[in-house]
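[1] Sharing a sequence plus its predicted fold:
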Amino acid sequence: MGPARPMGLTVRMDVNGFAEFDFGDARRNDPAAVVDVSPASLGDVAAIISIEQQSRPSQPGPAALDAAVRDPERYVAVASVNGEVVGWGKTHFWDYDDGPAPSGHYLGGVTVLSAWRRRGVGAALTTARLQWIWARAADAWYVVNARNLVSIELHRRWNFTEVARGPTFHTTTFTGGVGLLMRAAPADSGAAYGQVPRQEPPTAGG
Ligand SMILES: CC(C)(COP(=O)(O)OP(=O)(O)OC[C@H]1O[C@@H](n2cnc3c(N)ncnc32)[C@H](O)[C@@H]1OP(=O)(O)O)[C@@H](O)C(=O)NCCC(=O)NCCS
């Protein structure tokens, strides 16, 4: 059974599957639980698909996810609480340039179950993937829909800087037509690099 959804919590999502931007402090605090971030195994693929089905209008298929998990050039990470997968993210390696978007390691998407958002799970998944990338390359790349304000806000602490904006980077196109190509290096991130984000669970009635 999944975690109890905190009472009074409304998680809103637009048709693109983006979370709605919360103005003000919507963080949730309960220091009792620990979020574990680890490399995904093939046994996690069903849980990843379930998270995507609950969160996004279109989902990757099991074959694509199996291939990503098996690929040593990519890092698929899952975030778990008490053994339950509550979020996941991946990297992608492009071995060729596409206009302003160079070859290299890119953050390749992150999703957290709506009941577990604003507890640092997305930040924990991003820390783990950036550490993986920066162990292999000087720069980490990130492509985001210009309308996905929550994703842009999530990545702000690593001081990603905009390199270009356009309708497509590598194979990614953007609802609304504009995406941002962003880059960050460990030196840009300063104290945020390796920072352990908040790791808190939802609580019944919380
Ligand atoms: C984006 C997403 C992964 C964030 O996951 P999360 O676990 O809620 O993120 P965190 O709790 O780690 O938040 C880290 C920071 O991001 C920002 N943030 C996260 N959600 C936010 C929201 N709804 N409104 C404003 N800022 C937000 C805040 O700065 C937050 O820090 P704070 O809580 O200390 O203020 C989640 O909203 C999601 O799955 N969205 C749908 C899929 C998606 O758009 N993924 C990203 C593009 S690939």
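    The structure has been received and is ready for your questions. Not measured: the values here are computed from a predicted model.
[2] what kind of secondary structure is Gly109 in?
    With DSSP: H, G, I helix; E, B strand; the rest coil as the basis, the three-state label of Gly109 is strand.
[3] ok, now Ala128?
    helix.
[4] okay, now the nearest residue to it once chain neighbours are set aside: neighbour count?
    Excluding the flanking residues, the one nearest Ala128 by Cβ to Cβ, 6 or more residues apart in numbering is Val37, at 4.5 Å. The C-beta positions use only the backbone N, C-alpha and C, and glycine is treated the same way. Other residues lying near Val37 total 20 when counted by other Cβ atoms under 10 Å.
[5] Next up, the contacts around Leu154.
    Contacts for Leu154 (Cβ atoms under 8 Å, 6 or more residues apart in numbering) come out as 110, 122-123, 126.
[6] Show the model's pLDDT score for the residue nearest to Ala128.
    Looking at Val37, its pLDDT stands at 97.
[7] For the chain, which segments count as helices?
    45-55, 62-70, 121-134, 149-155, 186-189 (DSSP state H).
[8] Can you spell out which helices and strands pack onto the last one?
    Just to be clear, that refers to helix 186-189. Other elements packing on helix 186-189 under the criterion 3 or more Cβ pairs under 8 Å, 6 or more residues apart in numbering; DSSP states H and E are absent; no helix or strand qualifies.
[9] Off-centre distance for it?
    Distance, stretch centre to chain centre, for helix 186-189: 19 Å (Cα atoms, centre = their mean, to the nearest Å).
[10] thinking again about what came up before, can you say which of the helices of the chain is packed in most?
    Ranked by mean neighbour count, the helices of the chain are led by helix 121-134 with a mean of 22 (mean count of other Cβ atoms under 10 Å).
[11] can you give me how far it is from the chain middle?
    Distance, centroid of helix 121-134 to centroid of chain: 8 Å (Cα atoms, centre = their mean).
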